[in-house]
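[1] Pasted the sequence and its predicted model underneath.
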Amino acid sequence: MKLNPTVFNRQAFLTSYWQQRPVVLKQGFDDFVDPVAPEILAGLAMEEGVDARVVQCQQPDAPLGWKVTHGPFSDYEALGESHWTLLVQSVNEWLPDVGELLTAFNFLPEWRVDDVMVSFSCEDGGVGPHLDQYDVFIIQGQGRRRWRVGDREAINSFQPCADLTLIEQDFTAVIDEVLEPGDILYIPAGCPHDGIALEPSLNYSVGFRAPSQAELLLQVGDLALQHDVFTRRYQDPELSADNKHFVVDEAQLQQAKQLLTDAMSANTADDLLMRVFSQSKRPLVEPELPYTAEQVPELLRQQDAVVSRAPGARWLHCKVTDSFYSNGERFEMNSKVRAFALALAAIQQEQSASGIAELCDNAACADMFAELLNMGTFAVFL
Ligand code: AKG
């Protein structure tokens, strides 16, 4: 699935809209074909381990309030024909055709990808006016849905029921449009929005995470403890005997902040951040029997062998440390390993192994690939 270049100029989009303001790109995908049918989505939401929920919304004439029910679902009969939406998270990790939507957005950093959430809304279905801490592209599949979006503004949120957060007051819409199949609505994090289906609709939310300082500090701190780095301890600045025991003065605060600043400015911080960025959202599936490096060259040379990147697995190159990372692990490079690692990075879903087998004909590459297979980042299918 490709973006329509006449409508979606990537550079112009980055310059004028990305993380700045919402925009509708009419026919951002031309000839859009839904990569999933409502029945398949409904079936997926019946599976154990799939993160799915139904949001039932307010009906003006028969107020029901808001209600969120979590999957797995056994049937949808009781929901009726209107005023509800089924939302399934990370469908890209379950259905490769949905995962392919991500390739259209590979002009954006892969580590920022959160997931593709797919929703099916009945007539008048919606999840209510809300804000997200994600940058999101909402692609309209089948059906039509009216979307209102506002600019970023300070609005209080409230919970009308468990697991649903809405905004307290209405917002001024800078976009008020009916989306049709193939249209893309881009909404930066923090912009209020509300979509109400005019008829049974499918929507694909391609979400990009924007971690907060607190989240990054927590994750980097956790890894620092695991790797036994950032061990320098707080030292008392020049204490004076006149100091009152209950007073924390500016020098002490400054000393503590400097300790953190020094940690974050060290090269180790680049490495830890890369480990954080390369974490998969969900655990990767390891092979039943581990591979050895000796098995790798033959495996890749098997007729019709296909190398596949596990859905949701990241394989990232850090220009600063010149290392590759996956799921929190670092892989050192030399020129041969780098060439192979770059070939692997080009595999967004799957590719015939014949194209990369030759690049992997040395021990260092075979070692690395065996480790990646054993971590579940890549798999080879025969
Ligand atoms: C979002 O992705 O932020 C949405 O609001 C989509 C909700 C939906 O598809 O119903």
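    Yep, that arrived. Numbering: from 1, shown residues only.
[2] just checking, Gly207 is part of a helix?
    No. Under DSSP: H, G, I helix; E, B strand; the rest coil, Gly207 sits outside any helix and is assigned strand.
[3] need the contact list for it.
    113-117, 132, 134-136 (C-beta atoms under 8 Å, 6 or more residues apart in numbering). All C-beta atoms are positioned from the backbone trio N, CA, C, and that covers glycine.
[4] Can you narrow those down to the ones near the ligand?
    117, 132, 136 (C-beta under 6 Å from any ligand atom).
[5] Just these: which are in strands?
    Filtering these for membership in strands, criterion DSSP state E, returns 117, 136.
[6] Between the contacts of Gly207, which sits nearest Cys360?
    Nearest to Cys360 among the contacts of Gly207 is Val113, at 26.5 Å by C-beta to C-beta.
[7] neighbours around the closest one, how many?
    19 (other C-beta atoms under 10 Å).
[8] i'd like the first residue to be 531 from this point on
    That works, and once the first residue is 531, the last one we named lands at Val643.
[9] these two touch, right, Asn892 and Ser865?
    No. Judged on C-beta atoms under 8 Å, Asn892 makes no contact with Ser865 at a distance of 10.7 Å.
[10] Give me the more crowded residue out of these two.
    Neighbour tally, Asn892 and Ser865, criterion other C-beta under 10 Å: the higher count belongs to Asn892, 13 against 6.
[11] what's near enough to touch that one?
    Lys866.
[12] likewise Pro841?
    Counted by C-beta under 8 Å, 6+ apart, Pro841 has contacts 622-624, 626, 629.
[13] looking at it, Gly725 is touching Arg676, isn't it?
    Yes. Between Gly725 and Arg676 there is a contact at 6.9 Å, judged by C-beta under 8 Å.
[14] between those two, what contacts are shared?
    Leu709.
[15] okay, these two: which has more neighbours?
    Gly725 (24 against 14).
[16] Does the closest residue to Leu694 other than its chain neighbours lie in a helix or a strand, and which?
    Computed as C-beta to C-beta, 6 or more residues apart in numbering, the closest residue to Leu694 that is not its neighbour in sequence is Val598, at 5.0 Å. Using DSSP states H and E, Val598 sits within strand 597-600.
[17] Any buried residues in that strand, and which?
    597-598 (16 or more other C-beta atoms under 10 Å).
[18] Restricting to C-alpha, output it in PDB.
    Provided in PDB are the C-alpha atoms of strand 597-600 (Å, rounded to 0.1, in the frame of the first residue of the first chain):
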ATOM      1  CA  LYS A 597     -19.300   1.600  28.700                       C
ATOM      2  CA  VAL A 598     -16.100  -0.200  28.000                       C
ATOM      3  CA  THR A 599     -16.000  -4.000  27.800                       C
ATOM      4  CA  HIS A 600     -12.700  -5.900  27.300                       C
END
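[19] Can you pull the poorly scored residue ranges out of the stretch 581-730 of the chain?
    Applying pLDDT under 70 to the stretch 581-730 of the chain flags residues 590-594.
[20] those helices in the stretch 531-680 of the chain, which residues are they?
    For the stretch 531-680 of the chain, the helices defined by DSSP state H, counting those that start in this stretch cover 540-546, 568-574, 626-629.
[21] Tell me which of those sits most buried.
    Mean neighbour count (mean count of other C-beta atoms under 10 Å) peaks for helix 626-629 among the helices of the stretch 531-680 of the chain, with a mean of 19.
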